[in-house]
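turn this into a structure:
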Amino acid sequence: MDDQNKNLILATALSFLVILVWFVLFPPPQTEPVEPATQIAQGDTLTAPTAATPDVAAVPAAAGATAGATADAPASDTAPKPSDAPRIAIDTPSVKGSISLQGGRIDDLSLKNYRETIEPGSDIVSLLAPIGDINPYYALFGWAPGQGLTQEQVPGANTLWTQEGTGTLTPDSPVTLTWDNGAGLTFRRQISIDDNYMFSVTQSVENTGNAPATLAPYGILARHGIPPDIKNFFILHEGAIQMVDGQLTETDYDDFETAGAHKTIAVEANGWTGFTDHFWMATLIPQPGAPFTLSTFQDARRGIYQTTVKQPTVTLEPGATATADTRLFAGAKEWATIRAYENEENVEGFIDSIDWGWFFFLTKPIFAVLHYLNQLIGNMGWSIIALTLLIKAVLLPLAYKSYVSMARMKELQPQMEKIKERAGDDKQAMQKAVMELYKKEKVNPASGCLPILLQIPIFFSLYKVIFVTLELRHAPWIGWIRDLSAPDPSSLYNLWGLFPWDAPEPGSILALIFIGIMPLALGISMWLQQKLNPSPTDPTQKMIFAWMPWVFMFMLGSFASGLVLYWIANNTITFIQQYAIMRSQGYKPDVFGNIKESFRKNSAPAAKPESKTPGDKKPGGK
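Numbers count the residues shown, from 1 in each chain. Coordinates of the predicted model:
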């Protein structure tokens, strides 16, 4: 094998090693969930309620508020427990749940189209949960009191609202809540929802009294504790996410600012803020084009993570009415759905709520093509294979140049062997002679490196797409591959399903050793690709390259089966391309001969190839 082919294989091996070592050795540290405390923090901050404190804590004063306007409201003896408050049912094609009339909280929401596992009868995914559940997660809306108002005179987290009329919240039937503070202000809240995951919340207040009232509308997303199913994997962001006038900011849970030291960010025209999980998200979106402020912080004493939007303060004259619109996205991070909200409903930068990573300039178009192919084909596995074909077609000009160069170098192999014989141990003289030969024959030994270098970011991008995007979750391919985002569930342990016992648990040592069918196919495809070229003459290199496909076979066995499928398809197409192009240049790769040679004993082949060289066959050969 010539030095160029050795370098190409070595570059591939090193690329894989970098990826694997990083994935295995450098995941972020595990973070233990914080147990919610029972006290409410003091201060000039919108804060969420807890089960032990039925009334909301201090809220920020609106502009012009009096000194006492931010004091804590006293605990209410009549406030119902969250589980006892009346509720309004939610039922749409995509979600189901309910709204609590205590605070008008949107705190019970499940996603109809997604289940926890691929097993039949598995529970549907639950996104929002009320206080009293294991991991409360909910949206609150209300008004911050300004000059002349107290906390008791504005609706907050524990205000008991009244529904106008009866009925369920559906895409065709919004609901309206009302509350009269008994001091000249009447509050209304209309909640509507579309067929997907977007709530629209319109808050209004009418001043029926004799004095002006100053107040400011707000929205809160609160999460008690860190999600129990957080991945804590460096390739994926989970935590707070916000868009401020075109600038995306991501905050991990261990990087949250404290409640008393957080920054308030002024947004000029467009933005949103919320929490993002692996596949799900809840986001507050104030009215586009209008200014607002947002803050994101952790109330460590209560173990609550919170993000808040507060819209401009209004001064309401007697007889006047003020209105504030806020949208709440609570659902699955479906690419097409989120893209439609961005393009058709003016949610700026909403597509970036999907974690596209550093190579976003590759991951975005790669997924767009994959999504389009899946719409045409109807199967994500075959779409991955079709995507691989397209990627190889785009890179074909570079691959053609690389393989032509490799074929030319094969033709120069006899001359290079003569140079090595003449140079002997003089490495410098040999390298100089080889470079002169390359120059004379117009061969560029580095021309084969570019396709390899391009494959590295493509590999990272496709890994990101398969790991992050919802569309690969629980996506089947053929037979036993029912989830392309998970490792191949088949196992050598039960002879890939022929024996009547279960395979080892995914992620265990036994699962790593007793690999599935797809990792085995990956190893074989890498091994066959090697056999397009003869084995290295150096014993150490020969041993390394002989073991490399099987080492990667076990290493990549725990990767998502969609990624393994891509690499199998890539290896297969590369084999066909390289074989065809080298044949077109007059060099016929001896695949079967190289396979036979790899099975010979190491002691035998050292002398035999030399006795068969053309020079040894001729009498008096030089």
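
what's the distance between T159 and L101?
Applying C-beta to C-beta, to the nearest Å, the value for T159 to L101 is 9 Å. Bear in mind the C-beta positions are built from the backbone N, C-alpha and C, glycine included.

in terms of neighbours, single out the busier of these two.
T159 (23 against 19; other C-beta atoms under 10 Å).

list the contacts of that one.
Shown in contact with T159 (C-beta atoms under 8 Å, 6 or more residues apart in numbering): Q102, G103, G104, G142, W179.

which ones among the residues you listed lie within strands?
Counting by DSSP state E, the part of those found in strands is G142, W179.

of the contacts of T159, which pair is most distant in space?
Q102 and G142 (12.1 Å; C-beta to C-beta).

residues in contact with stretch 390-397?
With contacts defined as C-beta under 8 Å, 6+ apart, stretch 390-397 is touched by V369, A399, P451, L454, I458, N570, I573, T574, Q577.

not counting sequence-adjacent ones, nearest residue to E250?
H237 (4.8 Å; C-beta to C-beta, 6 or more residues apart in numbering).

quick one: pLDDT of that neighbour?
H237 is assigned a pLDDT of 92 by the prediction.

okay, and it sits in which element?
Assigned by DSSP states H and E, H237 belongs to no helix or strand.

distance check, it against H262.
19 Å.

can you give the domain ranges for the protein?
Domains of the chain are assigned by automatic domain parsing as 3-26+364-613, 67-232+295-332.

buried ones in the host helix or strand of K96, by neighbour count?
Per DSSP H and E: K96 is located in strand 95-100. By 16 or more other C-beta atoms under 10 Å, the buried positions in strand 95-100 come out as V95, K96, G97, S98, I99, S100.

wait, what's in contact with the third one?
With contacts taken as C-beta under 8 Å, 6+ apart, G97 has the following neighbours: A89, I90, I106, D108, L109, S110, L128.

distance of it from Q306?
21 Å.

ok, the first one next?
According to C-beta to C-beta, V95 and Q306 sit 23 Å apart.

any idea how far F279 is from the residue most central in space within the chain?
Centroid-nearest residue in the chain, with C-alpha atoms, centre = their mean: V468, separated by 2.6 Å. Applying C-beta to C-beta, the value for V468 to F279 is 9 Å.

got phi/psi on G225?
Torsion angles at G225 (phi, psi; degrees, to the nearest 10) stand at phi 80, psi 170.

make CSV out of the domains of the chain and add mean pLDDT and distance to M243.
As requested, the domains of the chain are exported to CSV (pLDDT from 0 to 100; distance: least, C-beta to C-beta, whole Å):
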stretch, mean pLDDT, distance to M243
domain 3-26+364-613, 77, 16
domain 67-232+295-332, 89, 12
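
CSV for these, including distance to T249?
Putting the domains of the chain into CSV (distance: least, C-beta to C-beta, whole Å) gives the following:
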stretch, distance to T249
domain 3-26+364-613, 18
domain 67-232+295-332, 9
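
how about the contacts made by the residue lying closest to D277 once chain neighbours are set aside?
Excluding its sequence neighbours, the residue lying closest to D277 (C-beta to C-beta, 6+ apart) is E238, at 5.6 Å. Going by C-beta under 8 Å, 6+ apart, E238 touches P227, I230, K231, N232, D252, Y253, T276, D277, H278.

pull out the buried members of those.
Among those, those buried by neighbour count (16+ other C-beta under 10 Å) are P227, I230, Y253, T276, D277, H278.

and those residues, which two are the farthest apart?
Y253 and H278 (13.6 Å).

the strand holding K96: what's the following helix or strand?
Using DSSP H and E, the helix or strand that follows strand 95-100 in sequence is strand 105-115.

so G225 touches G303, yeah?
Yes: counting by C-beta atoms under 8 Å, G225 touches G303, with 5.2 Å between them.

I am finished for the moment; much appreciated.
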